[in-house]
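1. structure of the sequence below:
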Amino acid sequence: MTLSRIGLGTMGIEEPDTISTALEVGYRHLDTAQIYGNEAVVGEGLARSSVPREDVTVATKVWADSLTPDDVRRTTRESLERLDLESIDLLYVHRPIETYDPERTLPAFDALSDEGVIGGVGLSNFTVDELERAADVLEHPIAAHQVEYHPLFQPGELLEHARENGYPLVAYSPLANGRAGEIDAVVSVAEKHNTTPEAICLAWLAEKDGIVPIPKASSREHLEANLKALEVELESEDRRRIDGIDETEELFPE
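-> Residues are numbered from 1 along each chain as shown. Alright, predicted model coming up:
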């Protein structure tokens, strides 16, 4: 499975037209989750779009209270119904907590993949040790790992693991949950390139080998701006300034 350079994070999106507009302007990767409560919105937006289904990667996540084998199968079926799809391209374990048990949970994901119900098995918010354990249990390779990643929180060990094992790191909250304009190094680089701090965050992430940012946007203006950010070409000095931010702030801890 190959992901496009940028996807759409849909948490909080409540209008199907936002999804169809995103597809119209060029997005081909939609990321939702059972706990977001908007899988039906994503599915309706996809149905309204003229973009062929096979051109779009649709990802959702099984929440932590539904990771027993029976619940994985039941909630995945419910996700399919809400999305109005025959299959899900990428299904994540949302967080390895609560009912998560690698020896029981992950074979259920493998089985769904074997049956063609899902395409790839994804993991989200795992540590390196948890990734290693999952890789030992899974019959299928890890298709993606989704984590918080932005200038204020740069889990380099997770990126290294993704690169070493050949799967993409999908970066959620890439704009630091609306705080991009408060980060001095990012603001300085944005002024240098006559663009926005948000564009710099996305350009910085997208230039990193193996990272796929999934910013949320609702208006056509912001949807287009986030895509256009991929055209920004950072210099090595710019990248070093942002890489070197010594503040570490995880905005969405467990």
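2. can you count the residues close to the closest residue to Ile118 other than its chain neighbours?
-> Nearest residue to Ile118, sequence neighbours excluded (C-beta to C-beta, 6 or more residues apart in numbering): Leu91, at 4.3 Å. In short, each C-beta sits where N, CA and C put it, glycine included. By other C-beta atoms under 10 Å, the residues close to Leu91 number 26.
3. start at 476, not 1
-> Sure thing, new numbering starts at 476, so read that last one as Leu566.
4. just checking, Leu566 touches Thr550?
-> No - using C-beta atoms under 8 Å, Leu566 is not in contact with Thr550, being 10.0 Å away.
5. shared neighbours, the two?
-> Val537 (C-beta atoms under 8 Å, 6 or more residues apart in numbering).
6. for Arg480, what are phi and psi?
-> Backbone torsions for Arg480, taken as degrees, to the nearest 10, come to phi -70, psi -20.
7. quick one, what contacts it?
-> By C-beta under 8 Å, 6+ apart, the contact list for Arg480 reads 681, 687, 705.
8. who wins on neighbours among these?
-> Val687 (24 neighbours).
9. whichever helix or strand it is part of - contacts with which helices or strands?
-> Assessed by DSSP states H and E, Val687 sits inside strand 686-688. If you count contacts as 3 or more C-beta pairs under 8 Å, 6 or more residues apart in numbering; DSSP states H and E, strand 686-688 packs onto strand 644-647, helix 672-681.
10. again, only this time at 10 Å
-> Judged by 3 or more C-beta pairs under 10 Å, 6 or more residues apart in numbering; DSSP states H and E, strand 686-688 is in contact with strand 617-623, helix 631-640, strand 644-647, helix 672-681.
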